[in-house]
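Undergrad: give me the fold of what follows.
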Amino acid sequence: MKAFKLATAILALTTGMALAENPMVGGAPMFEDKNIVENAVNSADHTTLVAAVTAAGLVETLQGEGPFTVFAPTNDAFAKLPAGTVETLLKPENKDQLVKILTCHVVAANAMSGDIMGMIEADGGEHKVATVGGCEFTVMAKDGVVMIKDGMGNIANVTIADVKQSNGVIHVIDTVLLPAM
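TA: Numbers count the residues shown, from 1 in each chain. So this is what the prediction gives:
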């Protein structure tokens, strides 16, 4: 019985440690054994992103094997866009534009923040990143925070890094990334 209690305590401790490795996002635990969509739907901070991914028809893609690195804008990031922009993008007639914007938040790799920092350092402070949507953004860092400059010159800061998923990684950002117009 004593061995059983010890084994149970060790299992509880290691399970807790495994859960502790992934940060909470939007008040919800993020599980490494769930895919990007399965975790995102639980984040209270990403309801707009989930609605946009659904409207764009990208749910199945982001549930796929990957690997994907997703720079995931929060609801507050979407709220910084001009009034009416999100509502307009969610209309069926604007699906192509919505798909372009969302896929510009995705890189076909599993890039943890340490990897990104290494690329930034290796390239002398800035590194060009090609996205699934055909955008080329610039990643840089300041005071240990990864930042992404989009095609319009806007800067997004990674506010929560390295949220591991079964098919990649999410980095939460505070600004929606836009392609060059």
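
Undergrad: all strands of this structure, in order?
TA: Ranges of strands in the chain, per DSSP state E, are 68-73, 106-107, 126-130, 136-142, 145-149, 155-165, 168-173.

Undergrad: which residues sit against the longest one?
TA: To tie it back to what came earlier, the one meant is strand 155-165. For strand 155-165, the surrounding residues in contact (CB atoms under 8 Å, 6 or more residues apart in numbering) are 21-23, 25, 30, 32, 34-36, 39, 66, 68, 71, 73-74, 77, 112-113, 145-150, 169-177. Yep, even glycine has a C-beta here, placed from its N, CA and C like the rest.

Undergrad: switch the cut-off to 6 Å
TA: Strand 155-165 has contacts (CB atoms under 6 Å, 6 or more residues apart in numbering) with 22-23, 25, 30, 32, 35-36, 112-113, 145-149, 170-175, 177.

Undergrad: same check, this time on the fifth one
TA: With contacts defined as CB under 6 Å, 6+ apart, strand 145-149 is touched by S113, I116, F137, T138, V139, M140, I155, A156, N157, V158.

Undergrad: buried subset of those residues?
TA: S113, I116, F137, T138, V139, M140, A156, V158 (16 or more other CB atoms under 10 Å).

Undergrad: check contacts around the first one.
TA: With contact taken as CB under 6 Å, 6+ apart, S113 is in contact with V146, A161, D162.
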